[in-house]
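1. For reference, the sequence and a predicted model appear below.
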Amino acid sequence: MKANIDFKSIDYLKIGNSKQKRAYEVLTKNRIMDLLKDFDPILVGTIPIEIDLEQSDLDIICYFENKDSFENLLKKEFGYKEKFKMWGNTTHVAPAIIANFFLDAFEIEIFGQNIPTEEQMGYRHMLVEHKLLEERGETFRQRIRKLKAEGYKTEPAFAFELGLEGDPYEALLELER
């Protein structure tokens, strides 16, 4: 994978690994990013940076100014999808709305906050992780995948492998600089 990927567009998936290509097909065939376009969607998580496991989902973050209009769009466009569920979460920096459903063998999670997508933790963590993966190479990538297969969440896996202290989510953000 190239270091200078524009993660704000999903076009890079077209030339990625087989799972990334399948993800691109599912997202474009079902117009997922188009349907979310008013909410500045960005695909984040493990699939874009190739540290996914077989069961990894497609995580899409969104920015809403109006929570009700975001919730209404999620219900209208995705409410009929397999195993659709939607809930609110206040454990984040800003309250979040999350929808989850299955589509063409992919689990999809849409996460929205009243924080611009490029400032959300999921995007910022992914950029730091991508940079580390590019700098440290394939052996490091495989060690992260192994930790994830053993049950580690992504950020804790990076923190463990790098020997970072404290909250792994905060520790990774310290590496942004």
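-> All right, it came through fine.
2. In three-state terms, label Gly122 for me.
-> At Gly122, secondary structure determined by DSSP: H, G, I helix; E, B strand; the rest coil is helix.
3. Quick one: neighbours of it, just the number.
-> By the measure other CB atoms under 10 Å, the count of residues near Gly122 is 18. Any C-beta I mention is one placed from the backbone N, CA and C, and that applies to glycine too.
4. Then Leu36?
-> 22.
5. do the one 5 residues further on as well
-> Using other CB under 10 Å, the number of residues around Pro41 comes to 23.
6. Quick one: residues contacting it.
-> By CB atoms under 8 Å, 6 or more residues apart in numbering, the residues touching Pro41 are 32-33, 60-62, 110, 117.
7. same thing but 7 Å
-> By CB atoms under 7 Å, 6 or more residues apart in numbering, the contact list for Pro41 reads 33, 60-62.
8. Looking at those, which are in strands?
-> Among the contacts of Pro41, DSSP state E puts 60-62 in strands.
9. Can you tell me which of those is nearest Arg177?
-> Proximity of those to Arg177 (CB to CB) peaks at Ile61, which lies at 21.9 Å.
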